[in-house]
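Engineer: Generate coordinates for the sequence data below:
(one chain, ligands or ions: 1)
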Amino acid sequence: MLWMLILALFFGVLFLLANTKLSLHIWLALLTISDFLLIGAGLNMTIGSILFVLIALAFLLLGFDEIRKSRVSSPILTYIRKVLPPMSQTERDAVEAGTVWWDAELFQGNPDWDILLKTPKAQLSSEEQAFLDGPVNELCAMLNDWQINHELRDLPPEVWHYIRSHGFFAMIIPKSYGGLEFSAYAHACVIQKIASRSGAAAVTVMVPNSLGPAELLMAYGTEEQKNHYLPRLAAGDEVPCFALTGPDAGSDAGSIPDTGIVCNIEFEGEQRLGLRLNWEKRYITLGPIATVLGLAFHAYDPDHLLGDQEDLGITCALVPTDFPGIEIGARHDPLNIAFLNGPNRGVDVIIPLDWVIGGEKMIGKGWRMLVERLSIGRGISLPSLSAAAGKMACDTTGAYARLRKQFRTSIGNFEGVEEALARIGGLTYMMDATVRLTTSALDQGEKPAVLTAIAKRYLTESMRVVINDAMDVHGGRGICLGPSNYLGRTYQSIPVAITVEGANILTRSMMVFGQGAMRCHPYLQQEIEAASLEDRDEALLRFDAALMSHVGYTIANAARAVLYGLSGALFASSPVAGPTATYYRQIARYSAAMAAMADLALLTLGGALKRKESISGRFADAMAYLYLTSAVLKRYEDEGRCRADLPLVHWSCQFALYQVQQALDGIIRNFPLRPVAWKMRAWAFPLGVHRKPPGDRLTHQVASMLIEPSAARERLVDGIYNPEDKDDLTGCLHHAMALTIQVEPIEKQLRTAGFIYTPETTYAAWIETAVTAEKISREEADLLLAAKEAVRKAIMVDDFAGDLWSK
Ligand SMILES: Cc1cc2nc3c(=O)[nH]c(=O)nc-3n(C[C@H](O)[C@H](O)[C@H](O)COP(=O)(O)OP(=O)(O)OC[C@H]3O[C@@H](n4cnc5c(N)ncnc54)[C@H](O)[C@@H]3O)c2cc1C
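Structural biologist: Predicted coordinates:
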C-alpha cells in the first residue's frame, strides 16, 4: 500500500511538474499533504519528520522574498559576478544577431508544434517557377563543367553574359530597383538547379545574392547608395564581392587588422571628411573581376574628427575596384574549381565618408551588420548547394547502382552498397526538408541565426557523407575526371563548402550552442544582464526574479525528461496520429532532456563551457538533429503525407534521433563533473540508452527506392537539372537505367533456359545464337543490344592521349 502510494505520488508530482506551472507555495503545500499521506499510509515516522523539516526549510528559504534574496540569490549573484567572463562587443553582436524561432522551442524543452506545423509550406510563385523553367534551364544547358573547370578555368563569356543580363545576380534585389525580388525558397531552388550542373557556376551566382553589397545595402544603405548601386547590380553592370577575410583574420574575423583612419580629404574638388584605408584580403569570391568591393575594416578616429571616441570599430564600405591604390585581379585556385576567387590589397586608398554603407551613422556597426545579414544567406546558399549534391547523388548513384553489374548482379542489390545508397537517400530527403523549412522561416521574416548556422554546418557535413558514399558506389567511374564525370568535381569542392561562411568545426563547437543558449534560453540572458548591472540592489532584484523563474523552468524540464524517459515518451503529445507520431514524441522527450542538461551544464561550468568545445559541440549536435528531424516531419506533412515516402521519413528520423541520443550520451560520458553527469543521466536516460540507428530492413527499403523509378524517387530528386537526352552527361544514365530494367526479365528468361553469356564470343554473336535457338525474339534481341550499348556509354570514363593538361 505504502509503495503504491509512493509510486502514485512520484508520477503525480512528475506529471504536475511537467505539465503545469504551480507557484512555489502551492508546491510546498502539496508536498506537505503528500508527506502526511505517506505517514498515514505507514511511512516511518522519523523519515516523515525529516521530510517535513526539509519542506519547512525550503519554505523558510524560498517562500519569503527578503530571506530568499539575501540567503539564496545574493550569494549566487556574487559568485556569478566573479566568474562571468567579459563579453566583447563582437561577441555580443554575434550573440544578439537575428531572431529566434523554432530553435527556441527545441531549446526550451517543450516545443509548441503549432509553430512548426502552421509555418507556411515553402512554394514557388508562378513567376519564380517560370524563371526556373526558363532562364535557369537555359543557363544549365549552357554549362559544361569540364570546360569551365579544366579547359577555360572560368565560365565562358556567353555564360557570364547570360548570368549578368538575366538577373541571376539580382534575386534578392527588390523589383523597384530592377531586381527579381525572389523568395528565399525560390533563391534556394535556383541555386540547387545550377549546382546540380556546375558548382563553379552556382558559387558565382550564389555570392552576389548572399552576403554581399546588395544584402547590406538593402538593409542599411542610404537612399543615395541604394539608388546608385542596386539598379546597377540588378542589371549586372556591377559585379560585387565582399572582402572580410585576410591572412591574419579567418574564423576570428572580428580581429581584422585592416584599417580606415578618419581624416580630412579633398574629393572631387571639395574638402570633406574621409577615410584612409589600408587592407590585405584573401580568398575573396568574385574578387578578381569585381567592379565594386564591399570592404570590412576597423575604423579609427585618432584626431577626433568625429567625436571623443578613437576606436570606432568594424565598418563596411563600398569601394569601386578601379580606385587608385587598389590591387586586384590575381586568383587563387580553390581545389581546381574555377569560380573566381582571389586576394586584394589597398594601400592608402582615400575614400569619402559617405561611401560607408549606411553613411557616417553606421561607422563602427559593421560587425553587427555582417552577422545579422550573414544569418540569412547562410541559410540559403550552402544548404541548397548541399541538397543539390544530395539529389544529384541520389539520381546518378541510384541509376548507376542499377545498371552497373558485377558478379552478374546489379551492384545496388548488394547489402554493402545498399547501406551507402540508404544514407544517400535518407540524408538527401533530410537536407531538402531542412532547406524547405529554413527558407520558409526566412520568407516569414525570421532571421534565425542559430538555425541557419545549423543548416549550413549540418547540411554541408551531410553532403560530405553523401558524396563520399556516391564516390564509393561509382568506384573508378567517379574518380577519373573528364567531360563525362559528373561526380568528381563535387567531391573535390566539398572542403570549400565546409570552410566558408563559418568553418564547420567552429560553427559546431562554438556558435550553435553558444548562441543557442544565449538567445534561446528564456532566462539566461536576463540573469547575465542583471548580473552585469553596476547597481547591486537593482541587480539583485532582477537577478532574483530571473533566477526563480529559471529554477522552475529547469525543474519542469527535468520532470518532463524523466517522465518521458520512463514512459518511452508515451506521455508526450503528438500533433498528428499515424506512423510519424512517435517521432514527435521523441523530439519532445529529447528536447526536454537537452534543456534540463543544458541548464545543469551552464549552472556548473558557467563561462568555462565556452572552452569546453567538445561538450558544446555535442549540445550543438543534439539541437541540430532535433531541428533536422522537425524539418523531415514538416516536409512529410507539407507534401500531403505521401505514404510512398515513408521509408525516407523513417530512415531520416531514426538516423537523426539516434544522433541526438548519442550526442546527449556523449555529453554525460564526458562531462567533467561526475556527480552532475550522474544527475544528467538520471534525467535524460532513466532506463538507459536504447535507441538504435536505422536497421537493415529499412536500409533495404530506402536503397530500393533509389534503384527503381517511381514517383517517390522523382520527388526525392526534384529540382535538379535533368535532361532526358540520352547523350547528355546524366541523361545517358537514365536511358541506360530504363533499358537495364526493361531487359532484366529477358536476361532472367535466358538464364533460366541455361543461356549464359561467356566472353568466348562477342555479345552480339551470343544474342544472335539465342535468337536462332528461339530463346528470344528479334525485338528482345534488339533491346538487349541497345541496353548493352547504353550501359557501356554510362559506365565508360574518359581517357586522354598525350599530355592531359595541355587540353
Ligand atoms: C574558396 C573560398 C571562398 C571564400 N570567399 C570569401 C569571400 O568572398 N569573402 C570573405 O571575406 N571570405 C571568404 N572566404 C574566407 C572564409 O570565410 C574563411 O576561409 C573562413 O572564415 C575560415 O578562415 P581560415 O580559412 O583562415 O581558417 P582558420 O580561421 O585558420 O581556421 C582553421 C580551422 O580552425 C577552426 N577553428 C578556428 N577557430 C576555432 C575555434 N575557436 N574553435 C574551433 N575551431 C576553430 C576552423 O573551424 C577551421 O577548421 C573564402 C574562403 C575560401 C576558401
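Engineer: What is the longest strand seen in the chain packed up against?
Structural biologist: Assignment by DSSP state E gives strand 270-285 as the longest strand of the chain. In terms of contacts (3 or more CB pairs under 8 Å, 6 or more residues apart in numbering; DSSP states H and E), strand 270-285 is packed against strand 240-243, strand 259-267, strand 292-300, strand 311-320, strand 341-352. Every residue, glycine included, has its C-beta placed from N, CA and C.
Engineer: Any idea how far it is from the middle of the chain?
Structural biologist: 33 Å (CA atoms, centre = their mean, to the nearest Å).
Engineer: ditto for stretch 161-173
Structural biologist: Going by CA atoms, centre = their mean, where stretch 161-173 is centred and where its chain is centred differ by 25 Å.
Engineer: Show me which residues of it are buried.
Structural biologist: 162-164, 166-173 (16 or more other CB atoms under 10 Å).
Engineer: Who are the contact partners of Val649?
Structural biologist: 429, 579-580, 632-633, 636 (CB atoms under 8 Å, 6 or more residues apart in numbering).
Engineer: Any of those residues buried? List them.
Structural biologist: By 16+ other CB under 10 Å, these give 429, 580, 632-633, 636 as buried.
Engineer: among these, which two are most distant?
Structural biologist: Tyr429 and Thr580 (13.2 Å; CB to CB).
Engineer: need the residues of the protein near the ligand, please.
Structural biologist: Proximity of the chain to the ligand, by CB under 6 Å from any ligand atom, involves residues 241-245, 250-251, 283-285, 334, 341, 496, 499-500, 503, 505-506, 509-510, 613.
Engineer: Just the residues contacting the helix or strand containing Leu116, thanks.
Structural biologist: Applying DSSP states H and E as the criterion places Leu116 in helix 113-117. Residues outside helix 113-117 that contact it (CB under 8 Å, 6+ apart) are 101-102, 105, 574-575, 584, 630, 633-634, 637.
Engineer: and that helix, which residues are buried?
Structural biologist: Those would be 113, 116, for helix 113-117 by 16+ other CB under 10 Å.
Engineer: cool, and stretch 64-83?
Structural biologist: By 16+ other CB under 10 Å, the buried positions in stretch 64-83 come out as 68-69, 72-74, 77, 80.
Engineer: Just the CA atoms of it, as CSV, please.
Structural biologist: Provided in CSV are the C-alpha atoms of stretch 64-83 (Å, rounded to 0.1, in the frame of the first residue of the first chain):
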residue,chain,number,x,y,z
PHE,A,64,9.9,34.8,1.9
ASP,A,65,11.3,37.3,-0.7
GLU,A,66,13.7,39.0,1.6
ILE,A,67,15.1,35.8,3.1
ARG,A,68,15.4,34.2,-0.3
LYS,A,69,17.2,37.2,-1.8
SER,A,70,19.7,37.5,1.0
ARG,A,71,20.3,33.8,1.6
VAL,A,72,20.0,32.3,-1.8
SER,A,73,20.0,34.8,-4.7
SER,A,74,22.6,37.2,-3.3
PRO,A,75,25.5,34.6,-2.8
ILE,A,76,24.7,33.2,-6.3
LEU,A,77,24.8,36.7,-7.8
THR,A,78,28.2,37.4,-6.1
TYR,A,79,29.6,34.2,-7.5
ILE,A,80,28.3,34.9,-11.0
ARG,A,81,29.6,38.4,-11.0
LYS,A,82,33.0,36.9,-10.1
VAL,A,83,33.1,34.2,-12.8
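Engineer: What pLDDT is listed against the residue in the stretch 201-350 of the chain positioned nearest to the ligand?
Structural biologist: The nearest approach of the stretch 201-350 of the chain to the ligand comes at Gly250, 1.9 Å away (CB to the nearest ligand atom). Looking at Gly250, its pLDDT stands at 95.
Engineer: neighbours around it, how many?
Structural biologist: 15 (other CB atoms under 10 Å).
Engineer: and the closest residue to it other than its chain neighbours, how many neighbours does it have?
Structural biologist: Spatial nearest neighbour of Gly250, chain neighbours left out: Ala503 (7.6 Å); criterion: CB to CB, 6 or more residues apart in numbering. For Ala503, the neighbour count with other CB under 10 Å is 15.
Engineer: So Ala503 sits against Ala253, correct?
Structural biologist: No - when contacts are counted by CB atoms under 8 Å, Ala503 is not listed as touching Ala253 (10.7 Å).
Engineer: tell me the contacts of Thr752?
Structural biologist: With CB under 8 Å, 6+ apart, Thr752 has no contacts at all.
Engineer: Next one: it relative to the ligand, how far apart?
Structural biologist: 56 Å (CB to the nearest ligand atom, to the nearest Å).
Engineer: Which ones among the buried ones among the contacts of Val649 lie within helices?
Structural biologist: 429, 632-633, 636 (DSSP state H).
Engineer: coming back round to it: looking at the contacts of helix 113-117, state which has the most neighbours.
Structural biologist: Ser630 leads the contacts of helix 113-117 on contacts (other CB under 10 Å) with 28 neighbours.
Engineer: Distance of Ser710 relative to the ligand?
Structural biologist: For Ser710 relative to the ligand (CB to the nearest ligand atom), the value is 38 Å.
Engineer: same thing with Gly366?
Structural biologist: 12 Å.
Engineer: With Leu17 instead?
Structural biologist: 37 Å.
Engineer: quick one, what contacts the residue nearest to Lys281 when sequence neighbours are not counted?
Structural biologist: The shortest distance from Lys281 to any residue other than its chain neighbours is 4.1 Å, reached at Ala243 (CB to CB, 6+ apart). Counting by CB under 8 Å, 6+ apart, Ala243 touches 279, 281, 284, 287, 293-296, 344.
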